[in-house]
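> Pasted the sequence and its predicted model underneath.
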Amino acid sequence: MLIPCLACESRFRPEEYFQACHDYRRGKDLVFWTCPRCGNQDELRVFPGELGFGYQRRGKFDVSDRLRVPGLRRQRQDMRLDISLEEKVWRVPTRSRQLAGAH
Ligand SMILES: [Zn+2]
């Protein structure tokens, strides 16, 4: 299965896609992703078995599109989110400077 960039519509294999996730915002449960091809930044939420894409509105994240990723799992850790799929794990770190402002 392939995961699209919502801006340039390039499609990525899960390992390419999750490698490009660079920031986990724990307070909002959001992962930030930057497209390796076009530089677009998307925000997404990782659910068991699917990804949720959407927008922040009034401090809340509204999921508008969901993409099924069978077997996808997530685990919140202290300073990161672990995303796993088929034996592989990607660790998306929380930037420490965000801790002060996180609710
Ligand atoms: Zn792109």
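Great, that's in hand.
> all contacts plus neighbour counts: C-alpha atoms, from now on.
OK.
> And residue 19, how far from residue 64?
Residue 19 sits at a distance of 23 Å from residue 64 (criterion: C-alpha to C-alpha, to the nearest Å).
> Regarding residue 15, what is its secondary structure?
Of the three states, residue 15 takes helix according to DSSP: H, G, I helix; E, B strand; the rest coil.
> I'd like to know how many residues surround it.
Residue 15 sits with 15 neighbouring residues when counted by other C-alpha atoms under 10 Å.
> Between residue 19 and residue 64, which is the more surrounded one?
Taking other C-alpha under 10 Å, residue 19 and residue 64 do not tie; residue 19 has more neighbours (15 against 9).
> mind listing what the closest residue to the more buried one other than its chain neighbours touches?
Closest residue to residue 19 in three dimensions, ignoring its sequence neighbours and counting by C-alpha to C-alpha, 6 or more residues apart in numbering: residue 90, at 6.8 Å. Taking C-alpha atoms under 8 Å, 6 or more residues apart in numbering, we find residue 90 in contact with 18-19, 82-84.
> One more: residue 31?
Residue 31 sits next to 21-25, 43-46, 92 when contact means C-alpha under 8 Å, 6+ apart.
> Just the C-alphas of stretch 42-59, formatted as CSV.
Taking C-alpha atoms only, stretch 42-59 is exported to CSV below (Å, rounded to 0.1, in the frame of the first residue of the first chain):
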residue,chain,number,x,y,z
ASP,A,42,1.2,17.7,6.8
GLU,A,43,-0.2,17.0,10.2
LEU,A,44,-1.7,13.7,11.0
ARG,A,45,-2.9,11.5,13.7
VAL,A,46,-1.9,7.9,13.9
PHE,A,47,-4.7,5.5,14.9
PRO,A,48,-4.6,1.7,15.2
GLY,A,49,-5.0,0.5,11.6
GLU,A,50,-5.3,3.9,10.0
LEU,A,51,-3.9,7.4,9.5
GLY,A,52,-6.1,10.5,10.0
PHE,A,53,-5.3,13.7,8.0
GLY,A,54,-6.9,17.0,8.8
TYR,A,55,-6.5,20.5,10.1
GLN,A,56,-6.1,22.3,13.3
ARG,A,57,-9.0,24.5,14.0
ARG,A,58,-9.5,26.5,17.2
GLY,A,59,-6.8,24.5,18.9
